[in-house]
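>>> Need a 3D model of the following:
(one chain, ligands or ions: 1)
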Amino acid sequence: MKIAKSLLLGVLATAAMGLSSMERMPSSAAGTTVGGTTSTTATMIAQHPGKILAGNCFQCHGTNGKNGPWDSLAGKSASEIYAELKDLQTKTTGDEAIMGVHARSYTDEQLRQIADFFSKVR
Ligand code: HEC
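Coordinates of the predicted model:
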């Protein structure tokens, strides 16, 4: 019973997060701006191929790289984010070790897609 209850709470919390992030999102993705609250995989890929990969970062860096517990990534330049990720790949201790694990999990091409995605979020 306890498990069922905490699962339900988790689902509700996730739904609430979805709603609050919707309020912050622009209603349309115009030009090179990406973001939004689309839930279908095909549309996400059409919006930006890096969006699905970047979803792994939302928990800590905020939905679309904004307003998370750690540094915002949205709107930073793609080359800066990519360079930081390459540097973080070498980290194995302290807070940066969290990022070491993440950064080492992607190919260079994927890191570039993720960096490009965050650079285009407004
Ligand atoms: C479990 C939490 C967590 C996840 C998931 C996570 N990060 Fe991080 N990230 C951190 C922490 C913690 C730091 C800060 C390390 C520090 O400042 O010492 C950080 C730092 C960074 C930095 C450096 C920012 C700066 O201003 O120095 C970048 C870039 C970054 N993360 C990108 C990403 C990307 C891209 C992803 C997804 C592939 C990701 N992170 C997923 C926790 C996370």
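>>> Return the distance of the nearest residue to residue 104 once chain neighbours are set aside relative to the ligand.
Of all residues not flanking residue 104 in the chain, residue 89 sits nearest, at 5.1 Å (CB to CB, 6 or more residues apart in numbering). (C-beta placed from N, C-alpha, C; glycine too.) Distance of residue 89 to the ligand, given as CB to the nearest ligand atom, to the nearest Å: 11 Å.
>>> in this protein, which helix or strand is least confident?
Lowest by mean pLDDT, DSSP states H and E among the helices and strands of the chain is helix 2-24, with a mean of 41.
>>> what does this protein put close to the ligand?
Within the chain, the positions lying close to the ligand (CB under 6 Å from any ligand atom) are 56-57, 59-61, 70-71, 73, 81, 84-85, 95-96, 98-99, 102, 114.
>>> Just the buried residues of those residues.
Burial by neighbour count, judged by 16 or more other CB atoms under 10 Å, picks out 57, 61, 73, 81, 84, 85, 99, 102, 114 from the residues of the chain next to the ligand.
>>> Please tabulate those in a markdown table and include pLDDT and secondary structure as additional columns.
Converted to a markdown table, these look like this (pLDDT from 0 to 100; DSSP: H, G, I helix; E, B strand; the rest coil):
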| residue | pLDDT | secondary structure |
| --- | --- | --- |
| 57 | 97 | helix |
| 61 | 98 | helix |
| 73 | 97 | coil |
| 81 | 98 | helix |
| 84 | 98 | helix |
| 85 | 98 | helix |
| 99 | 97 | helix |
| 102 | 96 | helix |
| 114 | 98 | helix |
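>>> between the residues you listed, which is closest to residue 49?
Taking CB to CB as the measure, residue 114 is the one of those closest to residue 49, at 9.7 Å.
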